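Asks: My questions are about this predicted structure, shown below with the sequence.
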Amino acid sequence: MRQRALYLGFLQAIWAVAGGVGPVLGGALTQYVSWRWIFWINLPVAGTSFILLLLFLDVHNPRTPFMEGIKAVDWFGSIAIIGALSMPLLGLNFGGELFPWSSPRVVCLIVSGCVMLGIFIFSQARLSRYPLMPLKLFRRKSNVACVVIGFTQLFGVQAAEFYLPLFFQSIMEASPTRSGVLILPMTVTESIVGIISGLVIHRTGRYIEIIRVGTILFALGVGLHIHFSERSSLAEIAGIEVVAGIGAGMLFDPSFLALQALVSQDDTATATATFNLHQNIGSFMATVLGGVLFQNGMRMKVPTLRDAGLSESLVEQLSGDAAAANVNVIKTISDQVQKMAVKRAFAYSLRYIWILAACLAVCGATASFFVSTQVLNTEHTETKTGIKKQAPIDAELSVLPIDS
């Protein structure tokens, strides 16, 4: 566990490179080549990764027979969780845009998603022999707190890194490439701080102080985004990005390690998958809910844009879901009063996203005080993968005593 913090710190070094190069490269490809290259560029990168894993990944192979392995998969739980995650988000995405909020399609998607969530929980508790997400992991309040922190952190990080470029392109009229550069203060800071946090945990074996300070700084940094307006300076924005980046960087590894430290060796893999799943949920919920909030905000500003004297064609291009796609229209507006009204509408609509992210970040800061303290082990325990003869669903959590 102690060395794991060091290797996770190394992963943060890779994130530092990816977080710096990715947004700038993506902006340059969009601006000078085609936005489709943002997806094409993944093929050689993923292909290289696949070859490296194929040649060098060294894990224990239990030689499980194919059919026995197929039968052990929690198919019912897998299908249920897919429905529980995708249906409500599709309903939220369709609502108010493709269909009215009261339409049967939107209502059925949201209700069906909630029903599928109930089915998933029931299957994990009663039906699955090898559950996808063992509910025993949530018996400890510390484990629940770690998952909450992971969810709220990724929600805030994704909200900032996804919608700040829109802020830069609308308010500052930045090009896609420049908007990628302007987000570097946050991405680079969180990566560097993540490396330092991993090294500190490796040397000391302590993580609780980093988690609590990190959640507070992250909530502060995300909350300060609410003050972004059409008059915000670059220095102000960069400073707030750095504060949020410090907080986010302090949370990438410690909450993950805190969860692993309090589960049995057999449950480490499922605990890791559960943590990553909730982080991913936070990430794509930030994108979907952020889009809904932004679109509704721009729709509310339509009367204001009309009062500013914008033509009906411009108002139509800058309302609802069309606003983000037509952000470059702002540069073509010659009347400075009208241009300022449009920028003010964008800043106003994006503020809803920052408010939601800040509220969730405060929930994460509150959850940090429920995380248990455990000095990380310095001894290595080898894990043998494979199907066990006895289902682990009824196994009790056990934490070995560790000398400080």
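Replies: Looks like it arrived, so ask away. Residues are numbered from 1 along each chain as shown.

Asks: in the strand or helix carrying residue 247, what's buried?
Replies: Assigned by DSSP states H and E, residue 247 falls within helix 234-249. In terms of neighbour count (16 or more other Cβ atoms under 10 Å), helix 234-249 has its buried residues at 237, 240-249. No exception for glycine: its C-beta is placed from N, CA and C like everyone else's.

Asks: Also stretch 251-266?
Replies: Buried residues in stretch 251-266 (16+ other Cβ under 10 Å): 251-263.

Asks: Same question for stretch 276-291.
Replies: Applying 16+ other Cβ under 10 Å to stretch 276-291 flags 277-279, 281-283, 285-287, 289-291 as buried.

Asks: ok, now stretch 41-51?
Replies: Of the residues in stretch 41-51, none is buried (16+ other Cβ under 10 Å).

Asks: ok, now stretch 14-22?
Replies: Buried residues in stretch 14-22 (16+ other Cβ under 10 Å): 15-16, 19-20, 22.

Asks: Tell me which residues are up against that stretch.
Replies: 180, 184, 187-188, 190-192, 194-195, 252 (Cβ atoms under 8 Å, 6 or more residues apart in numbering).

Asks: shaky segments in the stretch 151-300 of the chain?
Replies: For the stretch 151-300 of the chain, no stretch has pLDDT under 70.

Asks: how many neighbours does residue 272 have?
Replies: Counted by other Cβ atoms under 10 Å, the residues lying close to residue 272 total 14.

Asks: follow-up on the earlier one: include distance to residue 86 when you put the buried residues of stretch 251-266 into CSV, please.
Replies: What follows is the buried residues of stretch 251-266, written out as CSV (distance: Cβ to Cβ, whole Å):
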residue, distance to residue 86
251, 27
252, 26
253, 29
254, 31
255, 26
256, 25
257, 30
258, 30
259, 25
260, 28
261, 32
262, 31
263, 28
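
Asks: Mind putting the residues you listed into TSV with distance to residue 215 and secondary structure?
Replies: Below are the buried residues of stretch 251-266 laid out as TSV (distance: Cβ to Cβ, whole Å; DSSP: H, G, I helix; E, B strand; the rest coil):
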residue	distance to residue 215	secondary structure
251	7	coil
252	12	coil
253	14	coil
254	10	helix
255	9	helix
256	14	helix
257	15	helix
258	12	helix
259	15	helix
260	18	helix
261	18	helix
262	18	coil
263	21	coil
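
Asks: Which stretches in the stretch 101-250 of the chain count as helices?
Replies: 104-122, 141-171, 176-182, 184-204, 208-224, 234-249 (DSSP state H, counting those that start in this stretch).

Asks: Show the secondary-structure elements that the second one is packed against.
Replies: Think helix 141-171. Where contact means 3 or more Cβ pairs under 8 Å, 6 or more residues apart in numbering; DSSP states H and E, helix 141-171 is packed against helix 2-32, helix 176-182, helix 184-204, helix 208-224, helix 234-249, helix 254-261, helix 268-300, helix 336-367.

Asks: And for the fourth one?
Replies: Helix 184-204 makes packing contacts with helix 2-32, helix 141-171, helix 208-224, helix 234-249, helix 254-261 when contacts are defined by 3+ Cβ pairs under 8 Å, 6+ apart.

Asks: Using a markdown table, please lay out those helices together with distance to residue 107.
Replies: Shown next, in a markdown table, are the helices and strands packed on helix 184-204 (distance: least, Cβ to Cβ, whole Å):
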| stretch | distance to residue 107 |
| --- | --- |
| helix 2-32 | 36 |
| helix 141-171 | 25 |
| helix 208-224 | 32 |
| helix 234-249 | 36 |
| helix 254-261 | 36 |
